[in-house]
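Asker: Build me a model from this:
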Amino acid sequence: MKATAILLLGAILLADDGSAQTITTVQTDACRLLLNENGVVQSLAVRRTDAWETVAMRQDGYAGPSWLINGQVVPLKLVSAGQALFAGRTGNLSVTLRYAPASRRLGIEAGVHNEGAQAVTNLQASVRLGVDTSMEKFPDWNDRYFPTLLRCEPTHFWGYLMTPRGRILTLGSPDPVASWHLDYKQFEHRIYTATLDLLNPGPLPARHPQGLDTLQPGERKQWAIYLEPVEALEDVKPRLAASLGAPMIECDRYTVEPRDTVNVTVFGGKSRRYQPGDKPGVYKLTETNAAGKMAQAQISVRYPWSWYAKQARAEAIAKPQKGSSHTESWYGLFSCYSAQQLFPDAALDAAAAEKFDEIWPLMYDLQKQTPSVWRNRIQNHACAAGLLAAKYRATGDIRDLEFAASLADFMLTTQSPDGAYRNGRTHYTSVVYIGKSLMEVMAEEKKLAASDPEWRERYERHYDSVRCAMDNLAKNLDNIETEGELTYEDGMISCSYSQLALFAMLQTDPAARQKYLDAALYLASGHRCLSQILIPDSRMNGGSLRFWESQYDVMAKPNMLNSPHGWSAWRIYGLWYLYQLTGQENYLCQTMNALGSCVQLIDSDSGELRWAFIPDPYIKADLFEPDPAQTGKAHYVSRVIGEQYLPMISGWYRAPRNTFVNGYLGMGGVPGGSCDNDVHEIFKCLSEVALTSAYVLERADGSLVAWNCTAQLTGNRLVTVPAEACVNCIHLNLRREKQIEARLAGKPSVNETVTGMKRIGRQPQL
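Answerer: This next block holds a predicted model:
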């Protein structure tokens, strides 16, 4: 269909003050804009199949598209209705925005001109999009476009915005864009909109175009910016490659073992296989097309999974756990007990036991086996029950499981008649997955239930409670609440579908299993808008998008993206369960890519555990660092950070022995509280998902995909060799019957005939 552009003049809209404004309409085959005489978008609609859908645009101080010079909005006026051209001026700089329809795309031409006699340096010149990305309430948030991916390449810019309903708007420029930033509601759970920093001072990540922060006298710069709706995630990179004339890289695996190869698909270029180096670390892959457009990807080579599990335990000791108002302060004990179970180390295991014995009485009544402080922060106590179950697996001490069961009983007292676990009136089932923690306890109770009536009664009591909670989640889906400011929140959604999918796996009745699976699939689909699925970077691929944790965990400010963060693991659990329930390869691939990105929080050279990765390319941050003038004390240091890891602070910001601390700065009390040990959720997840498990999947064409093992097919005989001695089970997903030979955890080879999905060897703990 030929592109159309309709510019209507003389349409009148009455402003709030009663004055008349001229409205300009710009329309393409797939986009329709109404612009007021100041260039602000009154409405934006995109065509989906045969219907027009509205894209929410801000009408306040974050409206747009608009020009900003060094953070200040430049007022615009309509100067040519026939060209939909708007212009403004600040000092010696003049700026323009022109709307240029082109086929399905909406084109915006942004220009800046230095009309003065002196160079303008250290310049930030930005175009604020004005798309309303604030996800404030149900059901409105299902139609809000979240800035899921924004990425500067050396020669161009690309990304997309996505709604929980799966609606996608690609965003791109064929021109070099220095940087970008998100307009956060500081210290809260809102992003107002997104802004492209066409010019921006350094320092910037090495992949970004450099030196774009100066305009010489008389110099004019111009950028084309395109918005285009697409129907599915698979369409994003092909459409952007065609739209921008630039290569787009997609890899099947972003984290691999030494000597593994990566299948690289290049949209707008030549696909190939790539083998990074043998040394663990991050490798850069570059693709340049004939037009000189350059794209980059990062691939990580990892150590064996066991290296990360052992190193996480060592770091949990080096960066001590704390008796605290927040479970995040002692989460490293999970890493200690999961490593102890498989890799006993007398010194480290004794250190973990000593730390547990120090901090547990600060939080729990050891005689009554109930919380003694912060009883209403109920996710603490569910996590404590899960930790005691992990401790029981490591020590075999039945007293640990009895304590876990007692805390599970305490959690039942927080359950309201509708099935939700609540902190007062607030729905808390999906705040750090309360139901999953109870299912971790139930998994151990069930092993004893067959021969012990008391444990059977406990198991059934806890099962009934969790069933009611999961029924509540399945009924309400994303119409629930969360801790802190209400929003369509990463953890609220990922913890919901992870728990629902796990509970579905416990069902023997097909109808019940389908009920919980359907709810989990719905929520997981929506959560894609908060997940880094398409980013070609092994430091981030698979991370979920959070942006308010730094102020609590490491006391860094202002808001910034934290991805991967410890809570990215919540997404991984759900993907893993969904793979086992559906057999769909994409869930397994996303699971392993996300886990590979998350474990890179342990530096492959130094072994140091970092807190989180910061995807924002340019943040003027105040970082909480040791004060060189006062041993053990802290002060704030201003630094520009971007696309980098932030260190933990628990290694130096410590709580006094035998002292209870509040979770983070600003809560008062004894100094030393912090929540950065939440990073250990990643290694808890590793122990459940991949440390002892390998995976083999057969595709429709008969080819095999293997993770954490090798798989060789000769005739009808499939021989699998696990990557490590600690692998004690293999999950098979086979379309055709095969004779399986596998040596697991050093035991005699297993020989079984398998078709469909089945685990052979030891069954996982959940």
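
Asker: Where is the longest helix in the chain?
Answerer: The longest helix of the chain (DSSP state H) is helix 453-476.

Asker: how much does whatever helix or strand comes next after that helix deviate in direction from helix 453-476?
Answerer: Next in sequence after helix 453-476, counting helices and strands by DSSP states H and E, comes helix 490-505. Here helix 490-505 runs at an angle of 120 degrees relative to helix 453-476 (axes from the mean of the first three to the mean of the last three CA atoms, to 10 degrees).

Asker: So which bits of the longest helix of the chain are buried?
Answerer: For helix 453-476, the neighbour count (16 or more other CB atoms under 10 Å) marks 455, 458-459, 461-463, 465-474, 476 as buried. C-beta: built from backbone N, CA, C; applies to glycine.

Asker: Then stretch 641-650?
Answerer: For stretch 641-650, by 16+ other CB under 10 Å, it's 641-643, 645-650.

Asker: List the contacts of that stretch.
Answerer: Contacting residues not belonging to stretch 641-650 are listed as 179, 203-205, 207, 319-320, 322, 550, 554-556, 560, 601, 603, 608-619, 621, 623-624, 634, 674, 676-677, 679 [CB atoms under 8 Å, 6 or more residues apart in numbering].

Asker: who touches stretch 402-415?
Answerer: Residues outside stretch 402-415 that contact it (CB under 8 Å, 6+ apart): 364, 368-371, 378, 381-382, 384-386, 388-389, 392, 421-423, 428, 434, 438, 441-442, 444-445, 458, 461-462, 465, 468-469.

Asker: before we move on, back to that, can you say which of the contacts of stretch 641-650 are buried?
Answerer: Among the contacts of stretch 641-650, those classed as buried by 16+ other CB under 10 Å are 179, 204-205, 207, 319-320, 322, 550, 554-556, 560, 601, 608-619, 621, 623-624, 634, 674, 676-677, 679.

Asker: leaving aside the residues next to it on the chain, what's closest to V177?
Answerer: Among residues not flanking V177 along the chain, F157 sits closest, at 3.8 Å (CB to CB, 6 or more residues apart in numbering).

Asker: The one you found and T170 touch, don't they?
Answerer: No. Counting by CB atoms under 8 Å, T170 is not a contact partner of F157; they are 11.2 Å apart.

Asker: Compare neighbour counts for the two and give me the winner.
Answerer: F157 (28 against 23; other CB atoms under 10 Å).

Asker: Let me see the confidence value for that one.
Answerer: We note a pLDDT of 98 for F157 in this prediction.

Asker: Any idea what it is bridged to?
Answerer: Taking DSSP bridges as the rule, F157 bridges to C152, S173.

Asker: Return the distance of it relative to P617.
Answerer: 11 Å (CB to CB, to the nearest Å).

Asker: same deal with G130?
Answerer: For G130, the distance to P617 equals 21 Å [CB to CB].

Asker: same deal with L521?
Answerer: 34 Å.

Asker: for Q27, same thing?
Answerer: 34 Å.

Asker: cool, Y587 as well?
Answerer: Separation of Y587 from P617 (CB to CB): 30 Å.

Asker: Surely V721 is within a strand?
Answerer: Yes. Under the criterion used here (DSSP: H, G, I helix; E, B strand; the rest coil), V721 sits inside a strand.

Asker: What lies in contact with stretch 570-590?
Answerer: Residues outside stretch 570-590 that contact it (CB under 8 Å, 6+ apart) are 252-253, 433, 436, 490-491, 494-495, 497-498, 501-502, 504-505, 513, 517, 520-521, 524, 527, 531, 533, 542, 544, 591, 594-595, 598, 681, 685, 688-689, 695, 697, 699, 705, 707, 731, 733, 757.

Asker: and what of stretch 384-397?
Answerer: Residues from elsewhere that reach stretch 384-397 (CB under 8 Å, 6+ apart): 327, 330, 333-334, 337-338, 340-341, 356, 363-364, 371, 398, 400-401, 403-405, 407-408, 411, 436-438, 440-441, 443-444, 684, 765.

Asker: Enumerate the positions of it that are buried.
Answerer: Judged by neighbour count (16+ other CB under 10 Å), stretch 384-397 contains these buried residues: 384-395.

Asker: Make CSV out of those and add secondary structure.
Answerer: Formatted as CSV, the buried residues of stretch 384-397 follow (three-state DSSP):
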residue, secondary structure
A384, helix
A385, helix
G386, helix
L387, helix
L388, helix
A389, helix
A390, helix
K391, helix
Y392, helix
R393, helix
A394, helix
T395, helix
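
Asker: Save the residues you listed as a markdown table, and put in distance to R98 and pLDDT too.
Answerer: Below are these laid out as a markdown table (distance: CB to CB, whole Å; pLDDT from 0 to 100):
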| residue | distance to R98 | pLDDT |
| --- | --- | --- |
| A384 | 60 | 98 |
| A385 | 61 | 98 |
| G386 | 57 | 98 |
| L387 | 59 | 98 |
| L388 | 64 | 98 |
| A389 | 62 | 98 |
| A390 | 60 | 98 |
| K391 | 65 | 98 |
| Y392 | 67 | 98 |
| R393 | 64 | 97 |
| A394 | 65 | 97 |
| T395 | 69 | 96 |
